[in-house]
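Peer 1: make a model of this:
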Amino acid sequence: MLSAIVQARVYAINRGVANYSHDHFVHLALAGRWPLCRSLLTLDLPTQPGVSKQQKKTKDGHFVASGLQNPPAPTPQHDGFVGFLGPDRQLHLSFSLLLAGSFLLFSWWAVDYVGSGANKVILVFATVVGMFMAFNVGGNDVANSFGTSVGAGTLTMKQALLVAAIFEVSGAMIAGGDVTETIRSGIVDLSGVSIGPTDFLNIMMSALFAAALWLLFANRMGYPVSTTHSIVGGIVGAAVTLGFVSGQGSTALGMVQWDEVGQIAVSWVLSPVLGGVVSYLLYGAVKRHILLYNEEIEQRLLEIKKERIAHRERHRAAFERLNEIQQIAYTGALARDAVAANRRDFDPTELESDYYRELHEIDTKKSSIDAFRALQNWVPLFAAGGSMVIAAMLLFEGFKHMHLGLTTMNNYFIIAMVGAAVWMATFIFAKTLRGESLSRSTFLMFSWMQVFTASGFAFSHGSNDIANAIGPFAAILDVLRTGSIESKAAVPTAAMLTFGITLCAGLWFIGRQVIATVGRNLTTMHPASGFSAELSAAAVVMGATILGLPVSSTHILIGAVLGVGIVNRATNWALMKPIALAWVITLPSAAILSSVGLVTLRAIF
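Peer 2: Predicted coordinates for the structure are as follows:
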């Protein structure tokens, strides 16, 4: 120790801080300034059974031996450039370059695609607006989908980005469909209105820009809102405004399909309620049959461990009270018991010492506990059920644009086979984890289950919900190329790829606030609760699609998260109030922004 302090003082004198106290020198040595000092000081730190020296130094943020607070870690030295972009500067720069490159390459391709007679200024502006919309869809919708996974600690932000990049883009590319519906008839019926291609382009661009602006605001506030409601509000606002400014005010409001708007209003309540109810029931079952059982088992194992320690200490103290002759005799009995206990035909009645007789009783209690019963019996069932729901969602939703030609029986057979395969794989996986602790095994199993659920959700989202950005933009490209308004528009592969990349960039740049809301701020998440919320949302989306109920996947997932919080009695209702308000004002806000945008675009173009 003296040598360490001398070296510390020499260092302090050289650095001009010779007036440091003795405690400061200990801090410096323990911080690893000099390996020799650190090794010398470490020798002075007492340890306890089962606790390493390093653990003793860092337990509860204090040095146990000295009672000193941990010294502050040295401040990293970064240049201004690194400080501005943060530690992920390479990914920031990579995505920035990827976005710029995608825009330039797509614009170059689109100029040739629409032909020489198209307005290139409108094309470039529409491309910017469309990518801006996809960027914000990634920051809200995709972030909402991965919020539970990141919040539960199953995926890091970079891992979520990787999963999104693979499954969102592949979903858009593989199963996104070759054509998309325009709004010639739908939420707004333009069939009875005289409208030219330029006005149609203005409606689409205004709707995209307004929806993107509203989503950007929601992203900055951390509010998960419906991108579908945003784009619908934009289209309604632009179409109605066009009717008034073009002198067709008498038919402007009649263009809006108000029953469709009413269904959107119904979804504000129906979606979160359905998601919450299913999540409450599912997570309640998971908690009751698995989590609480594991918690009880871990408590019993801990008590047995303490009993073993107390048993050993009690007999050690009793042994020390014996005289030398008694100790020799007792040691012989212990040796004979140790040999007997290792025989295959071991008979507990042969034990001579109280130590081994009591130890055998303790071990019998421990062996009678089936610690992995819940993981081997219940987790495979939940995993199989979840895989069947995800398989159904992919077959009926994710792959619906691929026209696979599968009959209903084919689909049911595939779903059943997927469930059986996942049950078997999960059961085998649970058996391989018997060497791990119970809490670690539970975390691993639900983490993998949540990753697969999130991946399936991402693929389905990429194949369907990307239409909120690509649909209006595909209509713009089609009008620029043909000069006419059709009920369906072709979706070029280049557009799908570009918008898929932009979607992932939006998740990376502006998705953190929504992820924090969904995965941490509404309620605390862990892999089991995150899996339950995602699976509940997928099941409700699938059921609502089959029944034709007006629902929003975003609202359903938020309801599912709230259901988890209700089970745990840890729901942040104060945060839910502004989120619910944002849901209600999404459509009118996007409509107002779109109205302003339409008037502006008509003045420009």
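Peer 1: can you tell me how far Ser367 sits from Glu296?
Peer 2: 17 Å (CB to CB, to the nearest Å). Every C-beta, even on glycine, is put in place using the N, C-alpha and C of the backbone.
Peer 1: between the two, who's got more neighbours?
Peer 2: Counted by other CB atoms under 10 Å, Ser367 and Glu296 do not tie: Glu296 has more neighbours, with 12 against 8.
Peer 1: per-residue pLDDT, that one?
Peer 2: For Glu296, the model assigns a pLDDT of 94.
Peer 1: domain assignment for this structure?
Peer 2: Domain ranges of the chain: 2-61, 82-290+408-604, 298-367, per automatic domain parsing.
Peer 1: okay, and Ala212 sits in which element?
Peer 2: For Ala212, the host element (DSSP states H and E) is helix 197-221.
Peer 1: what's that helix packed up against?
Peer 2: Under the contact criterion of 3 or more CB pairs under 8 Å, 6 or more residues apart in numbering; DSSP states H and E, helix 197-221 touches helix 120-137, helix 227-245, helix 467-482, helix 493-510, helix 512-516, helix 573-604.
Peer 1: could I get the average pLDDT for the third one?
Peer 2: Looking back up the chat, that one is helix 467-482. Rounded mean pLDDT across helix 467-482 is 86.
Peer 1: strands of the chain, start to end?
Peer 2: With DSSP state E, the ranges of strands along the chain come out as 179-181, 488-490.
Peer 1: out of these, name the one with the poorest average pLDDT.
Peer 2: With a mean of 57, strand 179-181 has the lowest mean pLDDT of the strands of the chain.
Peer 1: what's the burial count for the residue nearest to Tyr356 when sequence neighbours are not counted?
Peer 2: Counting by CB to CB, 6 or more residues apart in numbering, Tyr356 lies nearest to Asp337, which is 3.9 Å off, once chain neighbours are set aside. Asp337 sits with 20 neighbouring residues when counted by other CB under 10 Å.
Peer 1: wait, Asp337 sits on Thr349?
Peer 2: No. Assessed by CB atoms under 8 Å, Asp337 is found out of contact with Thr349, at 11.8 Å.
Peer 1: coming back round to it: out of the domains of the chain, flag the one nearest Gly385.
Peer 2: Closest to Gly385 of the domains of the chain is domain 82-290+408-604 (CB to CB; 7.1 Å).
Peer 1: so where's the stretch 51-200 of the chain uncertain?
Peer 2: For the stretch 51-200 of the chain, the stretches flagged by pLDDT under 70 are 51-86, 175-186, 190-193.
Peer 1: now the chain
Peer 2: The model of the chain has pLDDT under 70 over residues 1-86, 175-186, 190-193, 248-250, 398, 401, 464-465.
Peer 1: try 50 this time
Peer 2: Low-confidence regions of the chain, defined by pLDDT under 50, span residues 1-84, 184-185.
Peer 1: hmm, back to that, quick one: residues contacting the residue nearest to Tyr356.
Peer 2: 351-353, 355-356 (CB atoms under 8 Å, 6 or more residues apart in numbering).
Peer 1: let's see 6 Å
Peer 2: If you count contacts by CB atoms under 6 Å, 6 or more residues apart in numbering, Asp337 has them with 351-353, 356.
Peer 1: number of nearby residues for Ala570?
Peer 2: The burial count for Ala570: 11, using other CB under 10 Å.
Peer 1: just give the nearest non-adjacent residue to it, would you?
Peer 2: Nearest non-adjacent residue to Ala570 (CB to CB, 6+ apart): Thr523, at 5.3 Å.
Peer 1: how many neighbours does that neighbour have?
Peer 2: Neighbour number of Thr523 under other CB under 10 Å is 24.
Peer 1: now do it against Gly530, distance only.
Peer 2: Taking CB to CB, one finds Thr523 at 10 Å from Gly530.
Peer 1: same thing with Ala383?
Peer 2: 14 Å.
Peer 1: looking at those two, which one has more neighbours?
Peer 2: Neighbour count, other CB under 10 Å: between Ala383 and Gly530, Gly530 has more, with 31 against 26.
Peer 1: the more buried one and Leu155 touch, don't they?
Peer 2: No. Using CB atoms under 6 Å, Gly530 is not in contact with Leu155, being 9.6 Å away.
Peer 1: which residues do these two both contact?
Peer 2: Ser149.
Peer 1: if we can go back for a sec, so the residue nearest to Tyr356 versus Asp347, what's the distance?
Peer 2: Distance from Asp337 to Asp347, by CB to CB: 12 Å.
Peer 1: if we can go back for a sec, with distance to Val128 as extra columns, can I get the contacts of Asp337 in JSON lines?
Peer 2: Putting these into JSON lines (distance: CB to CB, whole Å) gives the following:
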{"residue": "Leu351", "distance to Val128": "83"}
{"residue": "Glu352", "distance to Val128": "87"}
{"residue": "Ser353", "distance to Val128": "84"}
{"residue": "Tyr356", "distance to Val128": "80"}
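Peer 1: so who does Gln263 touch?
Peer 2: Counted by CB under 6 Å, 6+ apart, Gln263 has contacts Pro550.
Peer 1: ok, it to Ile187 distance?
Peer 2: Distance from Gln263 to Ile187, by CB to CB: 10 Å.
Peer 1: swap in Tyr223?
Peer 2: Distance of Tyr223 to Ile187, computed by CB to CB: 23 Å.
Peer 1: more crowded one of those two?
Peer 2: Neighbour tally, Tyr223 and Ile187, criterion other CB under 10 Å: the higher count belongs to Tyr223, 23 against 20.
Peer 1: what's Ile290 in contact with, if anything?
Peer 2: With CB under 6 Å, 6+ apart, Ile290 has these contacts: 374, 378.
Peer 1: I'd say Tyr283 and Val567 touch.
Peer 2: Yes. With contacts counted by CB under 6 Å, Tyr283 reaches Val567, the gap being 5.1 Å.
Peer 1: for these two, indicate the residue with more neighbours.
Peer 2: Neighbours per residue (other CB under 10 Å) separate Tyr283 from Val567, with Tyr283 holding more: 26 against 22.
Peer 1: with adjacent residues omitted, what lies nearest to the more buried one?
Peer 2: Closest to Tyr283 by CB to CB, 6+ apart is Ser532, at 3.8 Å.
Peer 1: that neighbour: how many residues sit nearby?
Peer 2: Ser532: 33 neighbours (other CB under 10 Å).
Peer 1: likewise Ser487?
Peer 2: Neighbour number of Ser487 under other CB under 10 Å is 13.
Peer 1: and the one 3 residues further on, by the same measure?
Peer 2: If you count neighbours by other CB under 10 Å, Ala490 ends up with 17.
Peer 1: so what's it bridging to?
Peer 2: Assessed by DSSP bridges, Ala490 has beta-bridge partners Val179.
Peer 1: distance of it from Ala454?
Peer 2: For Ala490, the distance to Ala454 - CB to CB - is 31 Å.
Peer 1: before we move on, what about Phe244?
Peer 2: Distance of Phe244 to Ala454, given as CB to CB: 45 Å.
Peer 1: same check on Trp109?
Peer 2: 32 Å.
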